[in-house]
Each structure stands twice: as structure tokens, then as C-alpha cells.
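>>> Show me how the following folds:
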Amino acid sequence: MGADKILNSLREAEAMFEKAKASAKTFFEKKAKQDSDKTLNYNLRNEEKFGIRDCEEQLRDWAEDLVEVEIRRRPEGQKLNQLEKLKQHSIDTVMEAGTPEELIKSLDNTTKKIGIAWIVDTSKIQQISQ
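Residues are numbered from 1 along each chain as shown. Next up, the predicted model:
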């Protein structure tokens with residue numbers, strides 16, 4: 001019937017695919033182990049049935065993680081760290097505040113560190129007449 005050629009071709013394709021999957025798995029495991037900063041996490045979910053999309057997703061995750069690390073090393077990243085700490089401090093302040101006046105003063109002191117005033121004198125703002 002001629003089906004032997006087709007079956008042999010499919011067997012070869014499956015063997016090549018399995019070999020490529022094993023190669024990809026080895027690559028990702030080695031790279032994750034070589035990472036000294038421990039930023040590259042190996043997380044191919046279903047190791048038996050993973051494919052090209054899973055590998056692309058793994059690489060995308062690694063790229064995002066590496067960009068995040070690189071950003072944190074720059075001066076802009078240090079400012080970002082400062083703002084994140086300020087945000088967390090402000091959240092803690094809101095949770096711990098007893099009275100509204102105490103909260104306003106605490107937030108004003110916190111935001112002054114980055115040049116923002118929480119308490120603004122609005123008496124000098126011209127009102128729009130209707």
C-alpha cells in the first residue's frame with residue numbers, strides 16, 4: 001500500500017521531536033543551575049508534554065526576571081526601591097493610625113521625603129464661579 005514510507009517518516013519525526021525535547025529540558029535545567037543569582041527558575045510545568053510554547057514562555061519569564069534585576073542595579077532602580085519602601089511605609093502608617101489628624105500628619109511627614117506635600121493650603125486657589 002505504500003504506508004511504510006509514511007509510518008517510517010512519522011517514526012523519524014517523533015524520534016527527532018523527543019530528542020529536541022530532551023535537549024531543551026537539559027538546556028533549561030543547566031541554565032537554571034548555572035545562575036549564581038538564583039533569578040532563573042526552571043518551571044516547565046508538564047515535563048512529559050511540553051512543547052515550543054512552553055519553552056518560549058520559559059524564556060520570556062527569564063527575560064522578564066533578568067530585566068528586573070538589571071533595572072534594580074541602575075540609579076532608576078534604586079529610586080524605584082525607595083518609592084516601593086515609601087509605599088509600604090505609607091500603607092503601614094494608614095493601618096496603624098489612630099485618628100484622622102494623626103494619619104494626615106504622618107502621611108505629610110512621609111511624603112515630604114520625596115518632595116510631595118500631603119497637606120496643601122487650598123485657600124489661595126481661585127474658585128471657578130458658576
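
>>> Run through who's touching the least confident helix or strand in the chain by mean pLDDT.
Least confident helix or strand, the chain: helix 100-111 with a mean of 83, by mean pLDDT, DSSP states H and E. Contact partners of helix 100-111, identified using C-beta atoms under 8 Å, 6 or more residues apart in numbering, comprise 86, 89, 90, 93, 94, 97, 117, 118, 119. All C-beta spots, glycine's among them, are computed from the backbone N, C-alpha and C.

>>> could you flag which of those residues are buried?
Neighbour-count burial (16 or more other C-beta atoms under 10 Å) applied to the contacts of helix 100-111 gives residue 93.

>>> Throw the contacts of helix 100-111 into a markdown table and include pLDDT, thanks.
Formatted as a markdown table, those follow (pLDDT from 0 to 100):
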| residue | pLDDT |
| --- | --- |
| 86 | 87 |
| 89 | 87 |
| 90 | 86 |
| 93 | 85 |
| 94 | 84 |
| 97 | 82 |
| 117 | 76 |
| 118 | 75 |
| 119 | 75 |
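
>>> which of the contacts of helix 100-111 lies closest to residue 35?
In terms of C-beta to C-beta, no member of these lies closer to residue 35 than residue 86, at 30.5 Å.
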